[in-house]
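# my questions are about this predicted structure, shown below with the sequence.
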Amino acid sequence: MSPARRDVLLALGGTVVGAAASLGTDREVQTVESRSPLPFYGTAVSAVRPDRSRPRAGQGVVVWSGSRTPGDRRVALTFDDGPDPDWTPRVLASLARYDAPATFFVRGDHLRAHPGVHARSLDAGHELANHTWDHPDLGRLPLAQVQDQLARTSAELTRVTGRAPVLFRPPYGHLGGSTLLAAAETGLTCVLWSTQMHEDAWVGHPDRVVPGARELVAAGDVVLAHDSGSPDRLTTIDHLDGILAALRADGHDLVTVTDLLVERPVSHVTR
């Protein structure tokens, strides 16, 4: 082998070894990072204040459902993402026909654009709650941005209705430590859901909607539906009268989320 060829091979060998060593180092770094704690302060996952001060609340509440006590048939219907000037009035009309209250988790920007949609909702027994200003993924936001989303929406709800909200739902059901802290410090109960309408599976199958809803809903449930958004969500709205009639026929007591969370004395439980 000529000296020149030997030098070329040695150089190539060094390059390969160097690349392998670099690859090994990268993997080691990734392993260390995957096992290391995330930053303590200022991120979406952190439930402590970025300035390390004491939180302004001692505890927070996250709700998925209400009482499962035998004989208690309360169910809370909830509608997200409105108000919508076309869809929400249809929902309200169906609820009125069945004298059924519901909880509406409203977006602040939609409420500002359509403040009159819920003009009589509180008087009708419904409940309006906070669903952020413009529907971001709170699981990605630090504390200050979550606080802004909640504060702006609560202020708009108070301005429009004269009543401050006490409930809050994070878009997509996503929340991190910053969301838990912001909600607790604002005095908002975080409400998720225990079942939801399967609009995407019911599109084109109207015969499945009411039976499907009956099968999904059980006593104590917080039920997720929508009064704004993608067209498939109209499936529930189009059949809401039938759903309400079926739930009543099954013995369910339709209430707001706040009423669902109130512990009832045994004497008030339907037997």
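Ah, there it is.

# by contact count, what packs against the lengthiest strand in the chain?
When the chain is scanned for its longest strand (criterion: DSSP state E), the result is strand 74-80. If you count contacts as 3 or more C-beta pairs under 8 Å, 6 or more residues apart in numbering; DSSP states H and E, strand 74-80 packs onto strand 103-106, strand 222-226, strand 253-255, helix 257-261. (Each C-beta comes from the backbone N, C-alpha and C, glycine too.)

# ok, and what's touching stretch 214-222?
Here stretch 214-222 makes contact (C-beta atoms under 8 Å, 6 or more residues apart in numbering) with 63-69, 72-76, 78, 191-198, 223, 243, 246-247, 250, 252, 257, 260.

# switch to 6 Å and redo it
65-68, 73, 75-76, 193-195, 223, 246 (C-beta atoms under 6 Å, 6 or more residues apart in numbering).

# again, but for stretch 173-190
With C-beta under 6 Å, 6+ apart as the test, stretch 173-190 has contacts from 44-47, 56-57, 60-62, 137-139, 142-143, 146-147, 150, 167-168, 170, 192.

# thinking again about what came up before, just give me the closest of the contacts of stretch 214-222 to Val209.
Ala246 (9.8 Å; C-beta to C-beta).

# can you list the weak-confidence ranges in the protein?
Along the chain, segments meeting pLDDT under 70 span 1-25, 28-34, 36, 264-271.

# which stretches in it count as strands?
Using DSSP E, strands in the chain cover 62-63, 74-80, 103-106, 127-130, 167-168, 189-191, 195-196, 222-226, 253-255.

# just give me how far the first one sits from the chain centre.
Think strand 62-63. Mean-position distance between strand 62-63 and its chain equals 11 Å (C-alpha atoms, centre = their mean, to the nearest Å).

# give me the contact list for it.
Strand 62-63 has contacts (C-beta under 6 Å, 6+ apart) with 190-191.

# and what of the second one?
The contact list for strand 74-80 (C-beta under 6 Å, 6+ apart) reads 66, 91, 102-105, 131, 217, 221-227, 252-255, 257, 260.

# distance between stretch 120-129 and the chain's centre?
Counting by C-alpha atoms, centre = their mean, stretch 120-129 comes out at 20 Å from the chain centroid.

# put the alpha carbons of it into PDB.
The C-alpha coordinates for stretch 120-129 follow below in PDB (Å, rounded to 0.1, in the frame of the first residue of the first chain):
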ATOM      1  CA  ARG A 120     -81.200  36.100  28.800                       C
ATOM      2  CA  SER A 121     -79.300  32.900  29.500                       C
ATOM      3  CA  LEU A 122     -78.700  33.600  33.200                       C
ATOM      4  CA  ASP A 123     -82.300  34.400  33.800                       C
ATOM      5  CA  ALA A 124     -83.200  31.100  32.000                       C
ATOM      6  CA  GLY A 125     -81.100  29.200  34.600                       C
ATOM      7  CA  HIS A 126     -78.000  28.600  32.500                       C
ATOM      8  CA  GLU A 127     -74.500  29.200  33.600                       C
ATOM      9  CA  LEU A 128     -71.700  30.900  31.800                       C
ATOM     10  CA  ALA A 129     -68.100  30.000  32.400                       C
END
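
# nearest to Leu38, out of the contacts of stretch 214-222: which one, please.
Among these, and counting by C-beta to C-beta, the member closest to Leu38 is Trp193, at 27.4 Å.

# shouldn't the closest one be in contact with His226?
No. With contact defined as C-beta atoms under 6 Å, Trp193 and His226 do not form a contacting pair (11.5 Å).

# which one of these two is surrounded by more residues?
Here Trp193 and His226 are compared on neighbour count by other C-beta atoms under 10 Å; more neighbours surround His226, at 23 against 20.

# is that one bridged to anything, and to what?
Bridge pairing for His226 (DSSP bridges) gives the partners Asp80.

# which residues are in contact with it?
By C-beta under 6 Å, 6+ apart, His226 lies in contact with 80-81, 233.
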